[in-house]
Structures are given as C-alpha cells and as structure tokens.
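Q: A structural model of the following input is requested.
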Amino acid sequence: MFLFDIPIHKFIIHFPIALTIIALIYDSWALYARRPELHRTGYGLILWAAVGAFAAAGTGLQLAEMVRIDKAAVTGHAGFGITATMVIAALAGVRYSAHAQEKKGYPVWWLIVEAAAAGLIAATAITGHRL
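A: Model prediction:
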C-alpha cells in the first residue's frame, strides 16, 4: 500500500518508536523523581505505541510481500518488529488491566519490560534503516 508513491509503512513506523521511547522516559522520570502522576502519561503513550506497533508490523509484512527485497534482509527486521510488537502489546495489556482494576502503584518490572521493548524497537529501527 502506497500513499504518494511512498509505502504507508514508512509513515507509520515513527509512531511506535517515538511513543515507546518517550513512555520509557516518562516512567523512568516518574520513578526517579517520585512523581507517580507521570505514570499516567507513560500509560497513555504505551497504549498508543501498541496500536502503532500493530499497524507498523502489519504494513511492514504487507510491504515485504509486495516489494521484492532480499528475504534474508527482511527476516531480522521482521523478527525484531514482531517481537517488539508482542512485548509492547503485552505491556499495554497488563497496564490497561491494572488501570481498569484501579490498582495503585507501578511495579518496577514494568519499567524493565518497557526498557526491553524500547531496545527491541530500536533494533527494529536500525535493521530497517539498512533495507
């Protein structure tokens, strides 16, 4: 799928990258500065990052099928992208569930998973840049 002869994937990919990294920054800042109200911003950002990651992964797989790029080059990028999407979606789901149940507090393991997701999405961006 193209828009103005540019693959839609290239328009979408920047959202999950930026949103995941900014969510990590907000949640880290909230823990460091002991300002729990900042977790609310991180929560919203990671939800939208999950939506963007699903869109980016879907359009990326579609683009890989449409454009004949070397499959070996796409495999690493797609692997990182799909893994990052699953991690971001799982984290968004857990945070949504805790928010819906009105649970207070922010478990530190969420920050660790969020950092892993940011690392995976950075690896996806780096391997995609080479394509």
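
Q: what's the separation between the spatially most central residue of the chain and residue 106?
A: Central residue of the chain (CA atoms, centre = their mean): residue 16, 4.2 Å from the mean position. Applying CB to CB, to the nearest Å, the value for residue 16 to residue 106 is 21 Å. Heads up, the C-betas are built off the backbone N, CA and C, glycines and all.

Q: one step back: helix or strand right after the helix or strand hosting the residue nearest to the centre of the chain?
A: Element membership of residue 16 [criterion: DSSP states H and E] is helix 14-33. Going down the chain from helix 14-33, the next helix or strand is helix 38-66, by DSSP H and E.

Q: next, the angle from that following helix to helix 14-33.
A: 160 degrees (axes from the mean of the first three to the mean of the last three CA atoms, to 10 degrees).

Q: quick one: the next helix or strand after helix 38-66 to helix 14-33, angle?
A: Once helix 38-66 ends, the next helix or strand along the chain (criterion: DSSP H and E) is helix 71-100. Orientation of helix 71-100 against helix 14-33 (the same axes, to 10 degrees) gives an angle of 50 degrees.

Q: would you mark the buried spots in helix 71-100?
A: 74, 76-78, 80-89, 91-92, 95, 98 (16 or more other CB atoms under 10 Å).

Q: pull the residues that contact stretch 119-126.
A: With CB atoms under 8 Å, 6 or more residues apart in numbering as the test, stretch 119-126 has contacts from 13, 16-17, 20-21, 53, 77, 80-81, 83-84, 87-88.

Q: and if we set it to 10 Å?
A: For stretch 119-126, contacts defined as CB atoms under 10 Å, 6 or more residues apart in numbering pick out 13-14, 16-21, 24, 49, 53, 56-57, 60, 76-88.

Q: give the buried residues for that stretch.
A: Quick answer for stretch 119-126 (16+ other CB under 10 Å): 120, 121, 123, 124, 125.
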